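[1] quick one, structure for this:
(2 chains)
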Amino acid sequence: MEQLLTIKGLKIAGRVEDQWKPIVKGIDLTLNRGEVIGLIGESGAGKSTIGLSTMGYTRRGCKITGGSILFKGEEMIGAPKAKLRQIRGNRIAYVAQSAAESFNPAHNLLKQFAEGPIRHGIMSYTEAKEKAVELYERLQLPEPETIGNRYPHQVSGGQLQRAMVAMAMSCKPDMIIYDEPTTALDVTTQIEVLAAIKEATRLLNTAAIYITHDLAVVAQIADRIMVLRYGELVEEGPTRDLLKNPREVYTRELLSVRSLREASEAQGRENEIILKVDNVTAGYVKGTDILKDINLNVRRGRTVAVVGESGSGKSTLARVITGLLPPSEGSIQFGDVTLAPAMKNRSKESLRRLQMIYQMADTALNPRQKVKKILGRPLEFYFGMNGNEKNDRISELLDMIELNDNYKDRYPSELSGGEKQRVCIARALAAKPELIICDEVTSALDQLVAEEILKLLENLQKQLNISYLFITHDLDIVKKISDKIVVMLQGKIVEQGEKHNVLTPPHHDYTALLLSSVPKMDPDWLDKLLESRGQTFHIDAA
Amino acid sequence: MPLKLLRKSPWSARLGMIIILINLVAAIFAPALSPYGETETAGDVWMPAGKDHLMGTDQLGRDLFTRLLYGARNTISIALVITFLSFGMGVSLGFLAATLKGWIDQLLSRCIDIIMAFPTLIFALMVLSIVGTSITALIFVIAILDSTRVFRIARAVAMDVEIMEYVEAARLRGEGIWWIMRHEILPNTMPPLVAEFGLRFCFVFLFISALSFLGLGLQPPTADWGSMVRENAAAITFGITTPLYPAAAIAMLTIGVNMIVDWFLQRTSRIRA
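    Residues are numbered from 1 along each chain as shown, chains lettered A, B, ... in the order given. Next comes the predicted model:
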């Protein structure tokens, strides 16, 4: 088989403060024509950096310090710019994680599709247009003839990601680099995109490097998997072998995350209801309701999971409960008080009892405040603590989230993603709340880190008897952590009940769709699923 | 901590600090350092630099070096007061508009628009000729006019920060508007505001001198750099370098201030990243 890409001893360093620190520490990689290789690892493993380097490109603040990258026998490191320009987008294409950020919002899809082929002098605009329609059709985009005239904001997230795959294929490249292309998507849309990528590679016999942190996803696509950690290779092998017999501990850990054991059912008599959402209807603009007739209860010391894809109104529900968005109808009871609809009319005490943790710990922590101020402020504000008393309590809180006193003087930028989320949890705990709303708290984290955060939340619940309202689109988390499940679709609750009732058949149609869409550690899962849904792609050699 | 910071500072920031230090010394000790009186006629008109006159004399025969020292005193202090005042007003109103939104934002923004609709110079001329040309009036008029620009910027950058979840978290905690503005929004809007401060400070210089030229700024014989350039501008056509000295002083101070601003921006962007 022809070797398309040969990387030998690749070393890349990144600038931290004023020093160069190695990010990639000597990676070897070979990719044959038509082969798909999966790079897997948590953030900081150097996956994306390796992916980009194959085009002879490094992000700002990075530089290649050693090794060689041969693409079709030609050295990419230090190649003249004109030659790199010829290869990029033409022979090697790149699909980024967030299509929404990568498309230019000021141009329509077709124009952006055509840019590459025209630039490289392969096609005229009319030819590019024909090609686009053909590819859009193959990737099962709706109305392939006219969808190219739409602007990025006029198509859904999954469609946009597929349009980007089409764009990458426009010049019939030898190799495509997929950098976490489905990470930002819901499970249900993830399937569309995965199927499209699989089809794309089969169709053109394109080689691909598929970068992700999700082993179950890469198992569907890749022929071979490389597990990376801290810029070094942990393990490499054909997909099926690697899944069946992982040699290294780290790989086994990654594998075991997906097979979470379910938490034991809550035993004994039920606690009192702490939050009661009664017939709530709400929306941002008068007349268009995002939430319709929502009823749900949360009991003390229990976890209720709210599940649904983006746009189902989960986060809006959180905004209504916290009072950021007053409902147009219905009421919210907290303990024995009825909460005022708008946050500004609520008492300090009821604000204290209800805390919130956000998805993006990055934006939920003020980058200019040290940890001790972030945690100290609620203590001052709610309990009037000062001096030593406050300092001791901060230490106690840090201890609860399994961090030590050294963290007090750090800024959020000096913390890892998991540590940031822990600080967010501590900030919520500082208020001694009775209910914490967790809005997708783990979806921005690596799987192993997310797992630890979930464990921490579980332990805290046992110790402090807090209730959680857990908003998520990840059904694995739901299985692990919840006592009760609420399934939402388009602003309505379609099903709710005890966990075992919701998760065991018969399901509501939508619940079934969600459940079946969660990727499994089985390389044949995607094919089987598509077949069973009757939407398998027609494979014909092009 | 400050000493350690100083040791780690780049050469450009140090140069900026030296320039500002020199200016401050000149401003504070002007009477002691200057060989002549501020308004004393010490020689002929436009004498070249020499032993008696370090930088020559100006269009009325006053010692230029002396006037430069006194000019530092008048100009820097007034420009500083004006800039701080305009930032105080502009930033607090801008933040208020961005955090409260709604009709308050509308009201403030439209009022500012109305003020901005007048050409600044004409507006200043109008107000100053009505209330008279005292230094207090000068300071307030320029500060208010300048604060409109600051308001715009402060409002825009605060809007970006205001949507962040840490601000929402503070609101959910029940924090008051003042606390949110000071502790959550202000630290995160510092970089653009400080950069703007450096620029505004220099513009104020020029604005004062423009007003002086029209007879509405600092009144002669008070020395200020801007009017010194203007008054001696004609000399340049005769190949006399006199106006270059005050011009160089303005340029040096501008560069010095901006070097420090740059250093600050670099440092803060590192924390954020």
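
[2] just give the nearest non-adjacent residue to whichever residue of the stretch 151-300 of chain A sits closest to chain B, would you?
    Residue nearest to chain B within the stretch 151-300 of chain A: A:Tyr284 (14.2 Å; Cβ to the nearest Cβ). Where you see a C-beta, it was placed from the backbone N, CA and C, and this is true even at glycine. Once flanking residues are discounted, A:Tyr284 sits nearest to A:Ile290: 6.7 Å by Cβ to Cβ, 6 or more residues apart in numbering or on different chains.

[3] that neighbour touches A:Val280, doesn't it?
    No: using Cβ atoms under 8 Å, A:Ile290 makes no contact with A:Val280, being 10.8 Å away.

[4] quick check: closest non-adjacent residue to the residue of chain A found nearest chain B.
    Of all residues in chain A, A:Arg368 sits closest to chain B, at 3.6 Å by Cβ to the nearest Cβ. Distance criterion Cβ to Cβ, 6+ apart; nearest residue to A:Arg368, sequence neighbours excluded, is B:Pro187 at 3.6 Å.

[5] what about the one you found, neighbour count?
    16 (other Cβ atoms under 10 Å in any protein chain shown).

[6] give me the pLDDT for it.
    With respect to pLDDT, B:Pro187 scores 90.

[7] how near is it to B:Leu193?
    Here B:Pro187 is placed at a distance of 10 Å from B:Leu193 (Cβ to Cβ, to the nearest Å).

[8] likewise for B:Ala223?
    B:Ala223 is 31 Å from B:Leu193, by Cβ to Cβ.

[9] what about those two, which has more around it?
    More crowded of B:Ala223 and B:Leu193, by other Cβ under 10 Å: B:Ala223, with 25 against 19.

[10] which ones are touching residue 226?
    Reading this off chain A. For A:Met226, the contact set (Cβ atoms under 8 Å, 6 or more residues apart in numbering or on different chains) comprises A:Leu29, A:Ile37, A:Gly38, A:Leu39, A:Ile40, A:Leu233, A:Glu235, A:Glu236.

[11] the intended chain is chain B.
    For B:Gly226, counting by Cβ under 8 Å, 6+ apart, the contacting residues are B:Thr75, B:Phe205, B:Leu206, B:Ile208, B:Ser209, B:Ala210, B:Ser212, B:Phe213, B:Gly217, B:Pro246, B:Ile250.

[12] give me that answer again for 6 Å
    B:Phe205, B:Ile208, B:Ser209, B:Ser212 (Cβ atoms under 6 Å, 6 or more residues apart in numbering or on different chains).

[13] does A:Val280 sit in a helix, a strand or a coil?
    strand (DSSP: H, G, I helix; E, B strand; the rest coil).

[14] B:Ala49 now?
    Applying three-state DSSP: B:Ala49 is coil.

[15] tell me the buried residues in stretch B:70-85?
    Using 16 or more other Cβ atoms under 10 Å in any protein chain shown as the test for burial, stretch B:70-85 gives B:70-76, B:78-79, B:81-83, B:85.

[16] brain fart, stretch B:254-263
    So, applying 16+ other Cβ under 10 Å, buried residues of stretch B:254-263: B:Thr254, B:Gly256, B:Val257, B:Asn258, B:Met259, B:Ile260, B:Val261, B:Asp262, B:Trp263.

[17] pLDDT weak spots in chain A?
    A:1, A:17, A:257-269, A:534-542 (pLDDT under 70).

[18] sorry, back to before: looking at the contacts of B:Gly226, spot the one nearest chain A.
    B:Phe205 (30.9 Å).

[19] which helix or strand contains the closest one?
    helix B:186-213 (DSSP states H and E).

[20] let me know the average pLDDT across the helix or strand just after that helix.
    Downstream of helix B:186-213, the next assigned helix or strand under DSSP H and E is helix B:225-232. The average pLDDT for helix B:225-232 rounds to 82.

[21] likewise for stretch B:88-99?
    pLDDT averaged over stretch B:88-99 gives 94.

[22] can you pull out the helices in the stretch 201-350 of chain A?
    Assigned by DSSP state H, counting those that start in this stretch, the helices in the stretch 201-350 of chain A fall at A:215-221, A:239-244, A:249-258, A:314-322, A:348-353.

[23] can I get those helices in TSV including mean neighbour count and distance to A:Cys171?
    Converted to TSV, these look like this (neighbours: other Cβ atoms under 10 Å in any protein chain shown; distance: least, Cβ to Cβ, whole Å):
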stretch	mean neighbour count	distance to A:Cys171
helix A:215-221	24	21
helix A:239-244	17	28
helix A:249-258	16	34
helix A:314-322	23	39
helix A:348-353	17	56
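
[24] what's around B:Pro31, how many residues?
    Neighbours around B:Pro31, by other Cβ under 10 Å: 12.

[25] what do you get for B:Trp179?
    By the measure other Cβ under 10 Å, the count of residues near B:Trp179 is 14.

[26] could you do the one 5 residues further on as well?
    Here the neighbour count serves as a burial measure; for B:Glu184 (other Cβ under 10 Å) it reads 26.

[27] which residues touch it?
    Contacts for B:Glu184 (Cβ under 6 Å, 6+ apart) come out as A:Asn366, B:Val167, B:Ala170.

[28] most neighbours, which of those?
    When the contacts of B:Glu184 are compared by neighbour count (other Cβ under 10 Å), A:Asn366 ends up highest, at 24 neighbours.

[29] out of everything not next to it in sequence, what's closest to it?
    B:Tyr166 is the one closest to A:Asn366 (Cβ to Cβ, 6+ apart), at 4.4 Å.

[30] next: A:Leu29.
    Sequence neighbours aside, A:Ile7 is the residue nearest to A:Leu29 in space, at 4.1 Å (criterion: Cβ to Cβ, 6+ apart).

[31] confirm that neighbour sits in a strand?
    Yes: counting by three-state DSSP, A:Ile7 is part of a strand.

[32] who does it form a beta bridge with?
    A:Leu29, A:Ile69 (DSSP bridges).

[33] for it, grab the count of nearby residues.
    For A:Ile7, the count of nearby residues is 21 (other Cβ under 10 Å).

[34] ditto for B:Glu168
    For B:Glu168, the tally of surrounding residues (other Cβ under 10 Å) stands at 20.
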